[in-house]
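Colleague: sequence and predicted structure, then a few things I'm wondering about:
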Amino acid sequence: MTSRRTRTVALAGPSLGAASIAFAQADPAPVITPTMQTREVTLLIGVDDPPGNIGINKQEDATGSGAFVESLFDTATGSTGAGALGAAFQDSQISTFAIEGEGFVEVEAQGGPGFDAGFVQAVSLISIDFTVPVDADFAFSGTFSAENSNDGFCVARYSLTGTRPDGTMLFYLDDADAEVDTEPLVFFITDSIKAGTQFTLSVNLTGTASAFASEVVGALGSFEFEFNLGDEDKDGLLDDWEKNGIDVDGDDIPDLNLPLMGANYRKKDLFVELDAMAGFPVDVPAIERVIAAFAAAPADMVDNPDGSAGVTLHVIVDETNLPAISSTALSALDTLKPAFFGTPTERAQTDIWDDLREAKLRVFRYCLWADDCISNGKNISGYAELPGNDFLVAAGTVSGWSSSFTPNTSLALSGTFMHELGHTLGLRHGAVDNILYKPNYFSVMNYTFQCPWTGIESAWKLDYAREVGSPLDESALEETLGVDGPGDRTMVFNSAPDGMTPVRTMVAADSAQVDWNQMNGIELMTVQRDINRFRLSVTASPGQTLEAATDWDRLYYHLGGDSQFDDGVARDPARLPVEFTEDDILEFNSTAVIDLTSCPGDANGDEVVNFGDITEVLNNWLADYSPATGPGDGNGDGVVDFGDITSALENWLGTCP
């Protein structure tokens, strides 16, 4: 199914309401003669399948009071008109609809000698109600203008409201009276909505005449509104934006030119504006690695309409000289974003910046490349909303890490950027929950894999989860089954008994068998271990069931539909992630490492397990290399003992991968 942009043809039709009188008490009174009143509204709706339009045309003649009201999207009214429109929306056939028309009011006032001052008015009102029957992103844009057709004075006004299914207000626009001969009123609103959201559009025209003399006064108003729901690739960016850009001032020139930036309505796009503090230059290779990781996302998980793999991540590095201020959580971002979001060129367009800023907030996430970040008095590597549009990378902190943290700080910056961006896309530290260090969750969102930590750097990969391992019940771990994890990943788990210093144990994620307790070889009976406890300072959590999930098919692209996306509002603390502190990292990295990924049982390093390894064990009996490893240490636990003989026997005549 393809989407296409549909605009209405020129729609004509006066829209008149009742005449009303307001004048001083006097005798004689002016004579009021209303003109004939008619109302007409036509809608043309772009429908993709089957091709064509659904047209709704209503006309009404009236000389009394009242409003012309048309209710749309009532699926119960039949196969044509409003009923067909509602059904088409439910079938996701519609990408846009537009309402365009004119209204005219006229009143004649006969005054003259002997008449006291007074005023007469005629009021035109069109009211259109519609309820959206599907969850969607939307853009609602329009222009409104009025002019005086004769002597006298006329004003124009519009109001637009959106109400969520729970009765709360989505938005409310009520423009102050706009006098004639002014610039057209232009508005632009975009958000994510839920099925059942109710919209009400009212257009009002008022003509006012003085009763001092005979006058015929008319007010002519025109309006054009477009409601757009099309998002074929489901990336939260409307097809119309990705094809034509966003025009917020109604001059048919895109003010936010997404096609020029490389947007594609048939392939998912993500946009990030990145501003940096002075003195903390952006590590461009670190960002390029993340862009490449998104480009390599599996096709079957990102579900692009064009069938391609990957998500196109656009990182726009903007200003790099922001004040270098310390940040507690996102405090620095909250201070600096109001002044620096948007490019200097965009902010200089003062006549449209308010609307352009609102448009850009529905397209761009915002990253602050900062000095530091503090949480609970401790240094952390970054912070983000969950989900949301704002995140911070503490580049000063990460760049200053020593080899005791990681052997490569540029890679660590890549991991931190992708980790915090992942939070804004709805990803948690434990996939489906906040349980940390799950051995079966192979994602940069897992603290174990956020960065290439010293000692286990070979297990790191810059990626969100593509595959997961089987659920793990810590109270009944099956050593004969393995976890059925991805063949290109390494699983890291704690093999130490409860209360003992944790040991980071590395095995191939697709190992057919896993010695969870590193005792007695592969046991037929189930064993117990707190396999995700890597720090003694963390409360023990034995007996948990550790479940993971894939990431690439769960990303929340939309920039709306939740208060977390609104700038200047209090964030829900319960929904903000608790981040890894420097103290946590040092404790995590201080634990011993058993690396069983290379060749378990190969005590002499010749890549074959045989009698030579038994000899190597005996020659180095009771040697203690912990927390490292050395000759004779066939099982990688740092000590040469019976465990190495057992490992050699279990892997007898095996070869290294």
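Modeller: Structure received. Numbering: from 1, shown residues only.
Colleague: can you give me the helices for this protein?
Modeller: Secondary structure of the chain by DSSP state H: the helices cover 82-90, 239-244, 258-261, 284-295, 299-302, 331-340, 344-347, 353-361, 395-399, 409-424, 447-450, 582-589, 611-619, 642-650.
Colleague: any stretches of this structure with poor pLDDT?
Modeller: The chain contains residues with pLDDT under 70 at 1-165, 167-230, 560-566, 568-575, 598, 605-607, 626-629, 654-657.
Colleague: for A603, find the nearest of the helices of the chain.
Modeller: A603 sits nearest to helix 611-619 of all those, at 4.0 Å, using C-beta to C-beta. C-beta here means a position set from N, CA and C on the backbone, and glycine is covered the same way.
Colleague: that closest one versus helix 642-650: what angle between them?
Modeller: Orientation note: helix 611-619 sits at an angle of 170 degrees relative to helix 642-650 (axes from the mean of the first three to the mean of the last three C-alpha atoms, to 10 degrees).
Colleague: pull the residues that contact helix 611-619.
Modeller: G601, D602, A603, N604, D606, P631, G632, G634, V640, D644, I645, A648 (C-beta atoms under 8 Å, 6 or more residues apart in numbering).
Colleague: for PyMOL, write a command that selects the buried ones of those.
Modeller: Paste this into PyMOL to select the buried members of those, with burial taken from 16 or more other C-beta atoms under 10 Å:
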select buried, resi 601+602+603+604+632+634+640+644+645+648
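Colleague: what ranges does the stretch 351-500 of the chain have for its strands?
Modeller: 364-370, 374-375, 378-379, 382-384, 390-394, 472-473, 490-494 (DSSP state E, counting those that start in this stretch).
Colleague: look up phi and psi at D233.
Modeller: phi -90, psi 0 (degrees, to the nearest 10).
Colleague: ok, it to G382 distance?
Modeller: The gap separating D233 from G382 is 28 Å, by C-beta to C-beta, to the nearest Å.
Colleague: who has more neighbours, the two?
Modeller: Set D233 next to G382 and count neighbours by other C-beta atoms under 10 Å: G382 wins out with 31 against 22.
Colleague: how near is the residue lying closest to that one once chain neighbours are set aside to P323?
Modeller: Distance criterion C-beta to C-beta, 6 or more residues apart in numbering; nearest residue to G382, sequence neighbours excluded, is E420 at 4.3 Å. Separation of E420 from P323 (C-beta to C-beta) stands at 21 Å.
Colleague: who has more neighbours, those two?
Modeller: For the pair E420 and P323, the greater number of neighbours falls to E420 (26 against 11), based on other C-beta under 10 Å.
Colleague: so that one makes contact with G388?
Modeller: No. Contact between E420 and G388 fails when scored by C-beta atoms under 8 Å: they sit 10.5 Å apart.
Colleague: so R365 bridges to which residues?
Modeller: V272 (DSSP bridges).
Colleague: wait, it sits on L274?
Modeller: No. R365 is beyond contact range of L274, at 9.4 Å (criterion: C-beta under 8 Å).
Colleague: if you count surrounding residues, which of these two has more?
Modeller: R365 (24 against 21).
Colleague: before we move on, the earlier item: select, out of the helices of the chain, the one closest to E523.
Modeller: Comparing these by C-beta to C-beta, helix 642-650 comes nearest, at 11.4 Å.
Colleague: so what touches the closest one?
Modeller: With C-beta under 8 Å, 6+ apart as the criterion, helix 642-650 contacts 518, 520-522, 600-601, 603, 609, 613-614, 617, 632-635, 637.
Colleague: cutoff 6 Å now
Modeller: Residues outside helix 642-650 that contact it (C-beta atoms under 6 Å, 6 or more residues apart in numbering) are G521, P600, G601, A603, V609, D613, I614, V617, G634, N635.
Colleague: one more: stretch 494-505?
Modeller: 456, 492-493, 517-518, 530-531, 533-534, 591-594.
Colleague: among those, which ones are in strands?
Modeller: V492, F493, A592, V593, I594 (DSSP state E).
Colleague: which among the contacts of helix 642-650 end up buried?
Modeller: Here, 16+ other C-beta under 10 Å leaves P600, G601, A603, V609, D613, I614, V617, G634, N635 buried among those.
Colleague: farthest pair in the residues you listed?
Modeller: P600 and I614 (14.3 Å).
Colleague: how many residues are close by V578?
Modeller: 11.
Colleague: the chain should start at 4 in everything you say after this.
Modeller: Done: numbering now begins at 4, and the last item shifts to V581.
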